[in-house]
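>>> I would like the atomic coordinates for the input below:
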Amino acid sequence: MVSLQEQFLKAGLVDKNKVKQAKQEKSRQQKIERRTGTASVDEARLAALETQRKNAERAREHNAQRDAAATQKAITAQITEMVQKNRQSKGAGDIAYHFTHDGKVERIHVSAAVQGHLVAGRLVIVCHGGSTDLVPKTIADKIAERDASLVVRVAKPSSEVDADDPYAAFKIPDDLMW
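Residues are numbered from 1 along each chain as shown. Okay, the predicted model is just below:
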């Protein structure tokens with residue numbers, strides 16, 4: 001095995017005087033280290049270690065972002081599958097049913113039976129992928145665990161009425177049409 005110094009000499013990158021001077025400097029440094037008992041700081045080695053640490057940190061961040069994106073994609077696929085498998089019919093569509101989603105009042109046309117199920121809380125509206133679908137409450141709860149912004153809660157159970165609500169004593173009739 002040929003040393004690095006010999007390789008540089010053969011390539012003509014250094015001359016014999018430079019090699020001799022480098023050997024003397026190295027032996028001088030080792031002698032000082034033996035006398036004082038302290039190790040010298042190798043700046044190049046420290047810089048290489050710092051670069052290696054930064055690269056590892058960057059790789060960890062990149063992997064975390066990639067894992068988060070993959071997890072989000074899997075959650076979206078699960079929600080889509082749950083909605084498609086458990087989609088309920090809206091009925092004949094003779095009654096306009098209004099609800100709010102993302103600060104906007106939306107409307108779907110449902111049958112009287114479906115309206116009764118929505119008011120009772122047995123069916124829940126899910127807005128996913130630009131469409132509005134009806135799913136059973138149990139499925140909507142599973143979807144809400146993954147992404148609560150997709151689920152539209154129509155009926156608010158009476159146990160969740162706010163104590164500070166000035167209109168709490170006035171019950172809204174179930175058959176109220178907007």
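
>>> all contacts plus neighbour counts: C-alpha atoms, from now on.
Will do.

>>> Model confidence at S159, what's the number?
Per-residue confidence (pLDDT) for S159: 49.

>>> mind listing what's buried in the worst-scoring helix or strand of the chain on mean pLDDT?
Here the helix or strand of the chain ranked lowest by mean pLDDT, DSSP states H and E is helix 4-11, holding a mean of 82. Going by neighbour count (16 or more other CA atoms under 10 Å), the buried part of helix 4-11 is Q5.

>>> quick check, distance from the following helix or strand past that helix to the centre of its chain.
Later in the chain than helix 4-11, the nearest helix or strand by DSSP states H and E is helix 16-36. With CA atoms, centre = their mean, to the nearest Å as the basis, helix 16-36 stands 55 Å off its chain's centre.

>>> ok, N55 to H62 distance?
10 Å (CA to CA, to the nearest Å).

>>> Show me the strands in the chain, by range?
In the chain, the strands defined using DSSP state E lie at 95-101, 104-110, 123-128, 131-136, 151-152.

>>> For the third one, enumerate the helices and strands it packs against.
The reference is to strand 123-128. Contacts defined by 3 or more CA pairs under 8 Å, 6 or more residues apart in numbering; DSSP states H and E place strand 123-128 against helix 112-120, strand 131-136, helix 137-146, strand 151-152.

>>> With the fourth one instead?
Here strand 131-136 is seen to pack against helix 43-86, strand 123-128 when contacts are counted using 3+ CA pairs under 8 Å, 6+ apart.

>>> Between these, which one is closest to L13.
Closest to L13 of these is helix 43-86 (CA to CA; 20.3 Å).

>>> Output the contacting helices and strands for the closest one.
Applying 3+ CA pairs under 8 Å, 6+ apart, we find helix 43-86 packed against strand 131-136, helix 137-146.

>>> okay, the angle between it and strand 123-128?
Interaxial angle of helix 43-86 relative to strand 123-128 (axes from the mean of the first three to the mean of the last three CA atoms, to 10 degrees): 140 degrees.

>>> on that earlier part again, of all the strands of the chain, which one comes closest to V2?
Here strand 123-128 is closest among the strands of the chain (CA to CA), at 67.4 Å.

>>> Contacts made by that closest one with the rest, please.
Residues outside strand 123-128 that contact it (CA atoms under 8 Å, 6 or more residues apart in numbering) are 80, 83, 114, 117-118, 132-137, 140, 150-154.

>>> and it, which residues are buried?
Applying 16+ other CA under 10 Å to strand 123-128 flags 123-127 as buried.
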